[in-house]
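Student: just to be clear, the model below is a prediction. Sequence and coordinates:
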Amino acid sequence: RSLLSLTKYDVQEALGALTCNAGGKHAYLRAWKAFYSWAEENELINENPCAKVRLKVPKPLRHLVSLQDIAPLIAACKTVRDRLIVTMLADTGLRLSELARIKPDDVEAENQTVRVWGKGSKQRVVRYGPHTARLLQQYLLQQRSLETLFGLAPRGIAIMLNRLGAATGIKCNAHAFRRTFATQSVRNGLNLFYVQSLLGHSTLTMTRIYAEQGWRSRYREVVL
C-alpha cells in the first residue's frame with residue numbers, strides 16, 4: 001500500500017507490530033510524523049495520520065553511585081588526589097567542568113567551602129565534609145604549584161573515573177555522583193529550592209527530575 005494512503009489506525013497497527021522497545025517505537029513514530037508533516041505541507045495528503053498518535057515512553061532510570069559503593073571507590077584510588085576527587089564529587093555534587101576549574105584560592109579550608117563557577121558564569125559556594133577536608137589538607141601539603149586545584153582538564157578527570165570504575169566494577173562518573181548528591185539531599189529533608197541552589201540549576205525542573213529519579217532508583221532497590 002502507498003504510504004500516502006495510510007490512516008491513523010494503520011500507523012497504530014504498524015507500531016504495535018514492531019518488536020523493539022517503547023523507545024525504539026517512539027523513534028519510528030517521530031520519523032513518520034516528520035514525513036507526514038512534509039507530505040501535508042506539500043498537499044500530498046489531506047491529513048497527517050500521525051498527528052494524534054501518542055506513545056507512552058517510560059523515563060530511563062539514570063545511574064547513581066550508591067552510598068555503599070563510595071568506600072570501595074575511595075579504597076581503590078592510588079593517589080590522594082584521586083581519593084579527594086571522589087569525596088569532593090560525593091560531598092558537593094559539582095559538575096565535571098566545575099570541579100576541573102577549581103583553583104587553590106577558591107578553597108576556604110576554615111569554613112570547608114569551595115567557590116565555584118557554574119553554567120552561565122554564575123558563582124556559588126558549596127560545602128564539603130570532614131573526610132574531604134582531611135584529604136584536602138593532606139593533598140595541599142604534597143602538591144606542587146598548579147593553576148587549578150587538581151591540575152586536570154575535565155577529560156582527564158573523566159578518564160580517571162572511568163579507570164576507577166573498570167578497576168572496581170562500579171560504574172562511576174561525575175554526573176552519577178551529582179545525581180547521588182541530589183537524591184541524598186532530598187532524602188535527608190533539604191528543601192528542593194535549597195538543593196537547586198547547591199546544584200546550580202537555573203530552574204527547579206532539573207532538580208525535580210534528579211529527585212524523582214533518585215526516588216525511583218531507591219524504590220527499585222527495595223523491590224529487587
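Tutor: Now that the structure is in, tell me what you want to look at.
Student: for the rest of this, base every contact and every neighbour count on C-alpha atoms.
Tutor: OK.
Student: okay, the helix or strand harbouring residue 88 in CSV with CA atoms only?
Tutor: Using DSSP states H and E, residue 88 sits in helix 80-92. Provided in CSV are the C-alpha atoms of helix 80-92 (Å, rounded to 0.1, in the frame of the first residue of the first chain):
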residue,chain,number,x,y,z
VAL,A,80,45.5,11.2,47.5
ARG,A,81,44.4,13.4,44.5
ASP,A,82,42.1,10.7,43.2
ARG,A,83,40.6,10.0,46.6
LEU,A,84,40.0,13.7,47.0
ILE,A,85,38.2,13.9,43.6
VAL,A,86,35.9,11.1,44.6
THR,A,87,35.0,12.5,48.0
MET,A,88,34.6,16.1,46.6
LEU,A,89,32.2,14.9,44.0
ALA,A,90,30.2,12.9,46.6
ASP,A,91,30.1,15.8,49.0
THR,A,92,29.3,18.6,46.6
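Student: which other residues reach that helix?
Tutor: Around helix 80-92, the neighbours that count as contacts under C-alpha atoms under 8 Å, 6 or more residues apart in numbering are 70, 73-75, 77, 99, 126-129, 131-132, 135-136, 138-139, 150, 160, 174, 177-178, 180-181, 198.
Student: show me those residues that map onto helices.
Tutor: 70, 73-75, 99, 131-132, 135-136, 138-139, 160, 174, 177-178, 180-181, 198 (DSSP state H).
Student: which of the contacts of helix 80-92 are buried?
Tutor: The neighbour-count test (16 or more other C-alpha atoms under 10 Å) marks 70, 73-74, 77, 99, 126, 128, 132, 135-136, 139, 150, 160, 174, 177-178, 180-181, 198 as buried among these.
Student: all helices for the chain, in order.
Tutor: 8-17, 22-41, 67-76, 80-92, 96-101, 130-142, 154-168, 174-187, 192-199, 204-223.
Student: pretty sure residue 95 contacts residue 173?
Tutor: No: under the criterion of C-alpha atoms under 8 Å, residue 95 makes no contact with residue 173, lying 10.0 Å away.
Student: flag the shaky bits of the chain, pLDDT-wise.
Tutor: 57-62, 210-224 (pLDDT under 70).
Student: how near is residue 157 to residue 190?
Tutor: 29 Å (C-alpha to C-alpha, to the nearest Å).
Student: which of the two has more residues huddled nearby?
Tutor: Counted by other C-alpha atoms under 10 Å, residue 157 and residue 190 do not tie: residue 157 has more neighbours, with 21 against 12.
Student: show me the residues around the more buried one that make contact.
Tutor: Residue 157 neighbours (C-alpha under 8 Å, 6+ apart): 96, 100.
Student: tell me the contacts of residue 138?
Tutor: By C-alpha under 8 Å, 6+ apart, the neighbours of residue 138 are residue 80.
Student: show me the residues around the residue most central in space within the chain that make contact.
Tutor: Among the residues of the chain, residue 175 comes closest to the average C-alpha position under C-alpha atoms, centre = their mean, at 3.9 Å. The contact partners of residue 175, by C-alpha under 8 Å, 6+ apart, come to 93, 95, 96.
Student: from the residues you listed, which is closest to residue 164?
Tutor: residue 96 (15.6 Å; C-alpha to C-alpha).
Student: roughly how far apart are the closest one and residue 167?
Tutor: According to C-alpha to C-alpha, residue 96 stands 20 Å off from residue 167.
Student: and these two? Which one has more around it.
Tutor: residue 96 (19 against 13).
Student: test my guess that the more buried one contacts residue 154.
Tutor: Yes: when contacts are counted by C-alpha under 8 Å, residue 96 is listed as touching residue 154 (5.9 Å).
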